[in-house]
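Q: sequence plus predicted model, see below.
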Amino acid sequence: MWDYAATSLIVEEAGGRYSGLDGQTRPAPGPALFARSGRMHAAALEVLTAGAHSSTEGR
């Protein structure tokens, strides 16, 4: 997970956004999302988390 720490800093310094799929901006285990802008990040996070929620609803 610490491999994301440097990458997240580089992305954010370049104007992008980084977070885990839980929306937290600190390095943590699990999937991460990198995007070139806050707007794109929010849209991608919405799509990815909606897919995760819908896949667990049918159980």
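A: That came through fine. Residues are numbered from 1 along each chain as shown.

Q: any idea which helix or strand carries the residue nearest to the spatial centre of the chain?
A: Central residue of the chain (CA atoms, centre = their mean): residue 33, 2.8 Å from the mean position. When elements are assigned from DSSP states H and E, residue 33 belongs to strand 32-35.

Q: how far out from the middle of the chain is that strand?
A: 4 Å (CA atoms, centre = their mean, to the nearest Å).

Q: by contact count, what packs against it?
A: helix 3-13, strand 17-20, helix 38-57 (3 or more CB pairs under 8 Å, 6 or more residues apart in numbering; DSSP states H and E). No exception for glycine: its C-beta is placed from N, CA and C like everyone else's.

Q: neighbouring strands of it in the sheet, and parallel or not?
A: Strand pairing for strand 32-35, using DSSP bridges, gives strand 17-20 (antiparallel).

Q: residue 38: what's it in contact with?
A: Residue 38 makes contact with residue 17, according to CB atoms under 8 Å, 6 or more residues apart in numbering.

Q: hang on, the earlier thing: closest to residue 27 out of the helices and strands packed on strand 32-35?
A: helix 3-13 (4.6 Å; CB to CB).

Q: and the closest one, what's its mean pLDDT?
A: Averaged across helix 3-13, the pLDDT comes to 84.

Q: what does the strand holding residue 33 contact?
A: Contacts of strand 32-35 (CB under 8 Å, 6+ apart): 4, 7-8, 11, 16-21, 41, 44-45, 48.
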